[in-house]
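[1] Structure for this input, please:
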Amino acid sequence: MRLTKITTHNGDDGFSHLADGTKILKNHQIFHALGDLDELNSFVGFLIANMQNFQNFQNLQNLQNNFLADFLPELTQIQRNIFDFGGQIAMQDFAKFAKNNAEKITNLENLIAKIQQNLSPLREFILPSGHILVSQCHLCRSIARRCERSLVDLLNEHNREIFIYINRLSDFFFVLSRWINKNFEQQELFWK
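    Presented below is the predicted three-dimensional model:
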């Protein structure tokens, strides 16, 4: 689908259309889920932009350890995946995507495991704090949790992969936040 015209006036009556042409109210559960996914994707883009700014700063300072660069392609792929999920939900066609969605889960789990290898085990809850990028990771994490709540009633046993991926995504942003704090030598603040 290509958007040739952005302002269409089609939604002025409180209805919108799914990709399959179904006309439903804009406050329908499916649009809440799509909106939450869109917001998550926007915040991931915000995180990417700020990571690129820090990467550029590190390059200007000729710092040897430019650790942020490793995650920029991964985060862009996450954005693509979130966009794919929104499309699948809007088309209400999950069966043909199940295999690809399962692969996305595996890739994300492998990335989480890779990050965790370099982190100390947690014995207490930590507060979202530290480096500014860490706060942005926690925003992404908490929005992913909201996406889960939006999706839980919408998705059924035939499309659990989307729900599982979003669940893992919140885990990813949590471990990424810890990894960033560690690399910026920021102390984790424990909840007491």
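[2] In the protein, where is pLDDT below threshold?
    1-19, 25-27, 57-67, 93-99, 156-158, 189 (pLDDT under 70).
[3] Helices of that one, residue ranges please.
    Secondary structure of the chain (DSSP state H): helices at 29-60, 72-91, 98-116, 132-151, 160-183.
[4] Quick one: closest of those helices to residue 122.
    For residue 122, the closest of those is helix 160-183, at 8.0 Å, according to Cβ to Cβ. Bear in mind the C-beta positions are built from the backbone N, C-alpha and C, glycine included.
[5] Which secondary structure elements does that closest one sit against?
    helix 72-91, helix 98-116, helix 132-151 (3 or more Cβ pairs under 8 Å, 6 or more residues apart in numbering; DSSP states H and E).
[6] That one versus helix 98-116: what angle between them?
    With axes from the mean of the first three to the mean of the last three Cα atoms, to 10 degrees as the basis, helix 160-183 and helix 98-116 are set at 20 degrees to each other.
[7] for helix 160-183, which positions count as buried?
    160-182 (16 or more other Cβ atoms under 10 Å).
[8] List the buried residues for stretch 115-125?
    Per 16+ other Cβ under 10 Å, stretch 115-125 contains these buried residues: residue 115.
[9] first to last residue in that stretch, what's the distance?
    Its start and end residues considered, stretch 115-125 measures 18 Å (Cα to Cα, to the nearest Å).
[10] if we look at it, which residues are touching it?
    By Cβ atoms under 8 Å, 6 or more residues apart in numbering, the surrounding residues in contact with stretch 115-125 are 172, 175, 176, 178, 179, 182, 190, 191, 192.
[11] Could you tell me how many residues sit around the residue lying closest to residue 165 once chain neighbours are set aside?
    Once flanking residues are discounted, residue 165 sits nearest to residue 105: 5.1 Å by Cβ to Cβ, 6 or more residues apart in numbering. Counted with other Cβ atoms under 10 Å, residues neighbouring residue 105 total 19.
[12] wait, doesn't residue 105 sit right on residue 166?
    No: in this structure residue 105 lies outside contact range of residue 166 using Cβ atoms under 8 Å: 10.0 Å.
[13] Buried deepest among the helices and strands packed on helix 160-183, which one?
    helix 132-151 (a mean of 20; mean count of other Cβ atoms under 10 Å).
[14] Quick one: list the elements packing against that one.
    helix 29-60, helix 160-183.
[15] Export those as TSV, with columns for distance to residue 85.
    Compiled in TSV, these are given as follows (distance: least, Cβ to Cβ, whole Å):
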stretch	distance to residue 85
helix 29-60	6
helix 160-183	5
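[16] Of all those helices, which one is nearest residue 78?
    That would be helix 29-60 among these, by Cβ to Cβ, at 5.9 Å.
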